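[1] no sequence on this one, just coordinates:
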């Protein structure tokens, strides 16, 4: 694939990620409101709504965390590192990215093992949806976060080179 | 060897490794020493999907982001100004009240200073308040509403404590109720200070006019029912908090996008993504610290910590003072969400052993964090205000110090008069 094609593919991935996030949030609001109306005015309710909403929280959180790792926006104590002279600071930031990436790869690997265990064990979260499918976002998001941190170790985005 | 690694992990945190990664590293180390399978970490993360109360958090965060993207702050100012502006030091009181309400919705993310402060500061100065006083007031007010519903830090505290399976149970509405009087106390004390400070200064007042009042009410008509709805929804007992949050999110989206038309559909997407980025950051830290807390409890670390403190601190009175000092320092170093997630599981069991109710502890915790937002040298709101108002950081240090002392006094009162937080508990 040419560089341009690769770039387009990456843009598509970013759009999918953002679109999924917006879709899940809309779904969450809609289902929760339908549930309120049904429960309070019709004395009924969707049995699977509660489980679906709880799993949506997990997915929203991890997708949000993935998006936050695009530009290294995760909460960190950066008061000290910001005081360092630039020449050292960039190396510390690179090192931080590599450490973060390694930790995420490690956890992604064990989360994958967890999901495979759950697949073999079976078990239904709600409706026809098995637990492992709901959990699959955990290794996936950690893997993406790891890749992003690894990449930013090489392309450190600082206010200087962003502009 | 283990000690060395622990020091290394803490050092990593201070060198700017994201906190979630630092906590994960600590958890891996803990599980390694306890010989627990690492797959448990994923199982603990999955607990994020096992907490019904968490549903409210992304929804309220979304509501806060929408409100800060639209012109709600202007309407709120106009409205409160008509009704409170005629009072002595009316505008100062207006500033305190609307900042508190706005912060309760937007969770002291600095947006109160950026959106409301920029409107309030020139207005205060124009009415005749001293510049330094006005600057201090606006910066301090940026974190004032943390104890009012539906503030995200308050919800997060409730969730974390409920995860811990302690003997003393409480509900979110009870926690919300607990924050009401302490928050009012802070507002009243700051208002009294404003009155004292501006004695002898001839201040402009906005006279009450029926015409302006009707216009302001009409302009804000769609947003006015919101606090009432949330109040009734939370305390009325018909709806779960998550249901209140969902209904609010849907309503406010319709109002701002289709009625006021201040947020375009395209921009709404960005608001949704930005808010979920924040939620993701917080919940990832929450998820990994669920795993870490699990290790801590298994290793009986809160118990050891308690015994160690008990050996050195014998009275509840002294413990509370030390707790306040610790939390003030913590609030100045760590952002409120990380502080909650990391420290609450450690100190709640200890505080309970000293006979402090977890609801009361929550109020003390957040009241201290609120001051931490503008504690020199690194309080976040100092930097935001410095940037927004184009003033040097040292100028802001000087401007906020009297307010800090007043709020510290308020925290002492809140700490030693548990009734303020627990009056409704019977």
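    Arrived safely, thanks for sending. Just so you know, these numbers come straight off a predicted model, no measurement behind them. Numbers count the residues shown, from 1 in each chain, chains lettered A, B, ... in the order given.

[2] hmm, residue B:425 is touching residue B:175, no?
    No - if you go by C-beta atoms under 8 Å, residue B:425 and residue B:175 don't touch, sitting 11.2 Å apart. No exception for glycine: its C-beta is placed from N, CA and C like everyone else's.

[3] any bit of the host helix or strand of residue B:184 sitting next to chain A?
    Per DSSP states H and E, residue B:184 falls inside helix B:172-197. No - judged by C-beta under 8 Å from any C-beta of the partner chain, helix B:172-197 stays clear of chain A, getting no closer than 15.5 Å.

[4] between residue B:425 and residue B:175, which contacts overlap?
    residue B:359 (C-beta atoms under 8 Å, 6 or more residues apart in numbering or on different chains).

[5] which residues sit against the strand or helix carrying residue A:134?
    Assigned by DSSP H and E, residue A:134 falls within helix A:131-135. If you take C-beta under 8 Å, 6+ apart as the criterion, helix A:131-135 is touched by A:55, A:58, A:111, A:114-116, A:118-119, A:123-125, B:42, B:46, B:49.

[6] can you count the residues close to the residue of the stretch 101-250 of chain B found nearest chain A?
    For the stretch 101-250 of chain B and chain A, the shortest gap (C-beta to the nearest C-beta) falls at residue B:246, measuring 3.2 Å. The local packing of residue B:246 (other C-beta atoms under 10 Å in any protein chain shown) involves 28 other residues.

[7] pretty sure residue A:78 contacts residue B:16?
    Yes - contact criterion C-beta under 8 Å: residue A:78 and residue B:16 qualify, at 4.7 Å.

[8] compare these two (neighbour count), which wins?
    Ranked by neighbour count (other C-beta under 10 Å), residue A:78 and residue B:16 place residue B:16 first, with 23 against 16.

[9] okay, now residue A:91: neighbour count?
    Applying other C-beta under 10 Å, we find 12 residues neighbouring residue A:91.

[10] confidence score at the residue of the stretch 251-400 of chain B found nearest chain A?
    Residue of the stretch 251-400 of chain B nearest chain A, by C-beta to the nearest C-beta: residue B:280 (2.2 Å). At residue B:280, the pLDDT value in this model is 93.

[11] residues touching the closest residue in space to it that isn't next to it in sequence, list them.
    Using C-beta to C-beta, 6 or more residues apart in numbering or on different chains and skipping the chain neighbours, the partner closest in space to residue B:280 is residue A:64 (2.2 Å). Residue A:64 makes contact with A:21, B:276, B:277, B:278, B:279, B:280, B:281, B:283, according to C-beta under 8 Å, 6+ apart.

[12] looking at those, which is nearest residue B:124?
    Nearest to residue B:124, judged by C-beta to C-beta, of those is residue B:278 at 29.6 Å.

[13] okay, and the closest one sits in which element?
    Per DSSP H and E: helix B:265-298 holds residue B:278.

[14] determine how far the helix or strand just after that helix lies from the middle of the whole chain.
    Downstream of helix B:265-298, the first helix or strand assigned by DSSP H and E is helix B:301-312. Between the centre of helix B:301-312 and the centre of its host chain there is 28 Å, according to C-alpha atoms, centre = their mean, to the nearest Å.

[15] next secondary structure after helix B:301-312?
    Following helix B:301-312 in sequence, per DSSP H and E, is helix B:316-333.

[16] which other helices and strands contact that following helix?
    helix B:336-353, helix B:358-372, helix B:393-416 (3 or more C-beta pairs under 8 Å, 6 or more residues apart in numbering or on different chains; DSSP states H and E).

[17] need the winner for burial among those helices.
    The highest mean neighbour count among those, using mean count of other C-beta atoms under 10 Å in any protein chain shown, belongs to helix B:358-372: a mean of 26.

[18] what's the mean pLDDT across the helix or strand that comes right after that helix?
    Using DSSP H and E, the next helix or strand after helix B:358-372 towards the C-terminus is helix B:380-389. Averaging pLDDT along helix B:380-389 gives 88.

[19] thought residue A:156 was touching residue A:92?
    No - using C-beta under 8 Å, residue A:156 makes no contact with residue A:92, being 10.2 Å away.

[20] if you count surrounding residues, which of residue B:425 and residue B:175 has more?
    Set side by side, residue B:425 and residue B:175 show more neighbours around residue B:175, with 23 against 14, by other C-beta under 10 Å.

[21] nearest residue to that one other than its sequence neighbours?
    Among residues not flanking residue B:175 along the chain, residue B:158 sits closest, at 4.8 Å (C-beta to C-beta, 6+ apart).

[22] what's the burial count for that neighbour?
    Neighbour count of residue B:158, defined by other C-beta under 10 Å: 23.

[23] now do the one 5 residues further on
    Using other C-beta under 10 Å, the number of residues around residue B:163 comes to 20.

[24] residues contacting the nearest residue to it once chain neighbours are set aside?
    Excluding its sequence neighbours, the residue lying closest to residue B:163 (C-beta to C-beta, 6+ apart) is residue B:290, at 6.5 Å. Neighbouring residues of residue B:290 by C-beta under 8 Å, 6+ apart: B:44, B:45, B:47, B:48, B:163.

[25] pLDDT at residue B:290, what is it?
    87.

[26] same thing with the one 5 residues further on?
    According to the predicted model, the pLDDT of residue B:295 comes to 87.

[27] likewise for the one 10 residues further on?
    The model reports residue B:305 with a pLDDT of 86.

[28] so it sits right up against residue B:343, yeah?
    No - with contacts counted by C-beta under 8 Å, residue B:305 stays clear of residue B:343, the gap being 11.4 Å.

[29] distance check, residue B:264 against residue B:68.
    Distance, residue B:264 to residue B:68, using C-beta to C-beta, to the nearest Å: 16 Å.

[30] which of the two has more neighbours?
    With neighbours defined as other C-beta under 10 Å, residue B:264 and residue B:68 compare such that residue B:68 has more, 21 against 10.

[31] now check the helix or strand where that one lies, is it near chain A?
    For residue B:68, the host element (DSSP H and E) is helix B:56-69. Yes - against chain A, helix B:56-69 shows contacts by C-beta under 8 Å from any C-beta at B:57, B:58, B:59, B:62.

[32] tell me the first helix or strand C-terminal of the worst-scoring helix or strand of chain B on mean pLDDT.
    Across the helices and strands of chain B, the lowest-confidence element by mean pLDDT, DSSP states H and E is helix B:111, at a mean of 80. Going down the chain from helix B:111, the next helix or strand is helix B:118-126, by DSSP H and E.

[33] mean confidence for that next one?
    Averaged across helix B:118-126, the pLDDT comes to 89.

[34] how about stretch A:24-32?
    94.

[35] list the contacts of that stretch.
    Looking at what lies outside stretch A:24-32 - C-beta under 8 Å, 6+ apart - the contacts are A:46, A:49, A:52-53, A:56-57, A:59-60, A:63, B:55, B:58-59, B:62, B:242-243, B:245-247, B:249-250, B:253, B:272, B:276.

[36] alright, that wraps it up for me.
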